[in-house]
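In: Need a 3D model of the sequence below.
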Amino acid sequence: MAAKDYRRGGIPYGFVAFPKDVLSDPRYFELQASSKVLLFDVAAQYTGKNNGRLCPSFEVMRHRGWNSKHTLRSAIEGLLECPFVIRTRMWRRPRTAEWLGLTFWKLNWHESMDGGFKDPRSWPYLNFVCLKPQVEVQKHDRSTSKSAAGGAGTASMERSSASVLVQKLTLATEVKARKSYCSETAPVLDVAISAAVSSVPRVSPVFKGGPSQLGSGVRKAAP
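Out: Reported below is the predicted structural model:
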């Protein structure tokens, strides 16, 4: 598309943009060389407001190096076999020029176009693009899968957090029960230990003799 106020941008010249879908289309590959040249010569007339009024007449094209009416007519017929080039007005005598339009730009309707284009909504805009809906579906599927994965990840994190919370509560309950059990059984154990200690007889043998009398002293205290 021709730049409208290109001097305001970073590109200091007018330009015409061609979609890669057109340049990669097998029907474009099958065009003869003259038809490919004519496609660019016709597109060079585009100003941003005249799609559908691009003129391929010999009077116009001879200024771009065309010098054979037969070659030009053959190139025009070859272009019209492609879906992205449409004739919007037939050539008629005495001075009605033929008009073409390119479907990768929106139609700039004019009242002198043929009857098939009296309604601008009938223009087959982007009719050559076949992969665009599939690409949009793939993007939608990817976004859906990402959201589903995000939801699954969130649910998994919530389940893991709940599991950790349950484990903490269980551990706290066990610790509290153990402390309670110890506090309840500690006095009972103290009483039992005291009773056991008090029931043991205390023997305090006194040995007046030397080491030689230790064995006899023990034998006497045994009964």
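In: Now stretch 20-40: buried residues?
Out: Across stretch 20-40, burial judged by 16 or more other Cβ atoms under 10 Å covers 21-22, 25, 28, 31, 34-39. Backbone N, C-alpha and C define where each C-beta goes, glycine included.
In: can you list those residues in a markdown table and add secondary structure, pLDDT and distance to G48?
Out: As requested, these are exported to a markdown table (DSSP: H, G, I helix; E, B strand; the rest coil; pLDDT from 0 to 100; distance: Cβ to Cβ, whole Å):
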| residue | secondary structure | pLDDT | distance to G48 |
| --- | --- | --- | --- |
| D21 | helix | 91 | 20 |
| V22 | helix | 92 | 18 |
| D25 | coil | 91 | 24 |
| Y28 | helix | 94 | 23 |
| L31 | coil | 95 | 25 |
| S34 | helix | 96 | 27 |
| S35 | helix | 96 | 24 |
| K36 | helix | 96 | 23 |
| V37 | helix | 96 | 23 |
| L38 | helix | 97 | 21 |
| L39 | helix | 97 | 18 |
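In: Okay, and R87 sits in which element?
Out: R87 is located in strand 85-89, with elements delineated by DSSP states H and E.
In: list the helices and strands that strand packs on?
Out: With contacts taken as 3 or more Cβ pairs under 8 Å, 6 or more residues apart in numbering; DSSP states H and E, strand 85-89 sits against helix 69-80, strand 99-102.
In: re the thing from before, can you name the two of the buried residues of stretch 20-40 that are farthest apart?
Out: D21 and S34 (22.3 Å; Cβ to Cβ).
In: Which of the buried residues of stretch 20-40 sits closest to M90?
Out: L38 (17.6 Å).
In: Pull the contacting residues for the closest one.
Out: Counting by Cβ atoms under 8 Å, 6 or more residues apart in numbering, L38 touches 56, 61, 72, 75-76, 79.
In: Mind picking out the helix or strand in the chain with the poorest mean pLDDT?
Out: Least confident helix or strand of the chain, by mean pLDDT, DSSP states H and E, is helix 214-221 with a mean of 46.
In: domains of this structure?
Out: 6-122, 131-181 (automatic domain parsing).
In: Of those, which shows the lowest average pLDDT?
Out: For these, mean pLDDT drops lowest on domain 131-181, to a mean of 59.
In: Of the contacts of L38, select the buried ones using a PyMOL command.
Out: A single PyMOL command is used to select the members of the contacts of L38 judged buried by 16+ other Cβ under 10 Å:
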select buried, resi 56+61+72+75+76+79
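In: Max pairwise distance over the contacts of L38: which two?
Out: Using Cβ to Cβ, the two most remote members of these are M61 and L79, lying 12.4 Å apart.
In: Now do the same for G116: helix, strand or coil?
Out: helix (DSSP: H, G, I helix; E, B strand; the rest coil).
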